[in-house]
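1. A predicted structure for the sequence below; I have some questions about it.
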Amino acid sequence: MKKTVLITGATGGLAQSLVKRLIIDHHQLVLVSRDSKKLEEIYGDQHTQIAADCSTAEGVKHIFDKIEKRNITLNSMAHCVGNIRLGALHRTSEADLLDCLSTNLYSAIFTLSSFVAHLKKSSSDGAAVFVSSAAAIIGIPNHELISAAKGGLEALVRSAAATYAASNIRINAVSPGLLNTPASANLLSSELMREIAAKQYPIKGIGNADDVADLMAWLLSEKALRVTGQIWSIDGGFSAIRPLVK
């Protein structure tokens, strides 16, 4: 079944993989990013493109105003907005704290609220998928900010899924470990750093964005009609089992 899918954070590595996956099934896509030039560089004149900042209520209102003006009816959403903020909590500035929370948590709250209101207005069923992190499940040194933000995101997913299940609106999240995307470039900037990172995982290696995109596409599909309120770990066992260290 063809869907109209809103993808936020559309210039990121994971979102680009998801776009490639969804166009195979000929879905219509609405792509959102703060950087209109980068959107055009990546996608040309394909798909509906909207430049907006999801981390503010005003930015999200702008997105849905544009969608309404273009008479677009959404039935799916993939929220790929996020950043990585690492560092010990006592060395963290207020600006970094607020940036991490607004990018990873507030953006999800604002976007989901408007998406649900859009579905209610059109009396449509729908599905949303978010991107969490293994850091929300297991304690990792220097991950306090991202752990707090993604932990809040996972709580949001579960509660909203309960609220809107009777309206046939499904809400889930994927929870990857470190992915080989531009967002992780600083953490994977040398072969030594890549080797050290890979050894942290029971199934050794760095995560592939295409694999996570496949899972997200499945969660938005008709094959997952009985799935809601779930956080799907795709982290090589990182959050559940310890690696065998030799």
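-> Okay, I see it.

2. so, low pLDDT: which residues of this protein?
-> Along the chain, segments meeting pLDDT under 70 span 181-190, 193, 196-198, 246.

3. may I ask you to name the longest helix in it?
-> For the chain, the longest helix by residue count, based on DSSP state H, is helix 144-164.

4. elements contacting it?
-> helix 94-101, helix 107-122, strand 126-131, strand 169-176, strand 231-234 (3 or more C-beta pairs under 8 Å, 6 or more residues apart in numbering; DSSP states H and E). Where C-beta positions appear, they are placed from N, C-alpha and C, glycine not excepted.

5. helices or strands up against the longest one?
-> The helices and strands touching helix 107-122, judged by 3+ C-beta pairs under 8 Å, 6+ apart, are strand 4-8, helix 57-69, strand 76-79, strand 126-131, helix 144-164, strand 169-176.

6. identify the residues contacting the second one?
-> Pointing back at helix 57-69 there. Defining contact as C-beta atoms under 8 Å, 6 or more residues apart in numbering, one finds that helix 57-69 is touched by 6, 30, 32, 50, 52-54, 74, 107, 110-111, 113-114, 117-118.

7. change it to 7 Å
-> Applying C-beta atoms under 7 Å, 6 or more residues apart in numbering, the contact partners of helix 57-69 are 30, 32, 50, 52-54, 74, 110-111, 114, 118.

8. reformat the helices and strands packed on helix 144-164 as JSON lines; add mean neighbour count and distance to Ala148.
-> Output for these, formatted as JSON lines (neighbours: other C-beta atoms under 10 Å; distance: least, C-beta to C-beta, whole Å):
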{"stretch": "helix 94-101", "mean neighbour count": "14", "distance to Ala148": "7"}
{"stretch": "helix 107-122", "mean neighbour count": "19", "distance to Ala148": "13"}
{"stretch": "strand 126-131", "mean neighbour count": "26", "distance to Ala148": "16"}
{"stretch": "strand 169-176", "mean neighbour count": "24", "distance to Ala148": "15"}
{"stretch": "strand 231-234", "mean neighbour count": "18", "distance to Ala148": "16"}
